[in-house]
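Q: here is my input; please provide its structure:
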Amino acid sequence: MATESVTAPMPGVFYRRPDPEEPPFVEVGDEVTEGEKVGLVGVMKNFHDINAPTDGTIAAINFENEEAVEAGDEVIEIETA
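A: Numbers count the residues shown, from 1 in each chain. Presented below is the predicted three-dimensional model:
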C-alpha cells in the first residue's frame with residue numbers, strides 16, 4: 001500500500017471539524033473519496049478547504065484541532081490501494 005500526504009495549502013490554523021459543536025470531518029480508519037473535505041485551514045477569518053487528493057483510508061492525522069500549521073505541513077496521511 002502507498003501513502004499519500006494531504007498538506008496545508010498555506011500557513012494558518014488547522015480545523016478538524018466544521019464547527020465546534022460538530023464531529024470531525026474524518027477520523028483515522030475512515031474511508032474517503034477524492035475531493036472529499038477532510039479539514040480546513042483558517043487564515044484571518046477566511047477558511048480554505050483541505051480535500052483528499054485520492055481515494056483511500058485515513059492512516060494518520062498529524063495535527064490536533066486548532067493547531068497552527070505552515071504551508072506544506074503534512075496534516076493527514078491517506079493509505080491508497
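Q: what strand or helix carries residue 38?
A: In the assignment (DSSP states H and E), residue 38 maps to strand 37-43.
Q: what about that strand, average pLDDT?
A: Average pLDDT, strand 37-43: 96.
Q: elements contacting it?
A: Judged by 3 or more C-beta pairs under 8 Å, 6 or more residues apart in numbering; DSSP states H and E, the packing partners of strand 37-43 are strand 12-15, strand 46-51, strand 74-80. In short, each C-beta sits where N, CA and C put it, glycine included.
Q: can we see that at 10 Å?
A: With contacts taken as 3 or more C-beta pairs under 10 Å, 6 or more residues apart in numbering; DSSP states H and E, strand 37-43 sits against strand 12-15, strand 46-51, strand 56-61, strand 67-69, strand 74-80.
Q: please save the CA atoms from it in CSV.
A: Extracted as CSV, the C-alpha positions of strand 37-43 are listed here (Å, rounded to 0.1, in the frame of the first residue of the first chain):
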residue,chain,number,x,y,z
LYS,A,37,-13.3,17.6,2.5
VAL,A,38,-11.0,16.4,5.3
GLY,A,39,-10.3,19.6,7.1
LEU,A,40,-10.0,23.4,6.9
VAL,A,41,-7.2,26.0,7.3
GLY,A,42,-8.3,29.3,8.7
VAL,A,43,-6.4,32.5,8.0
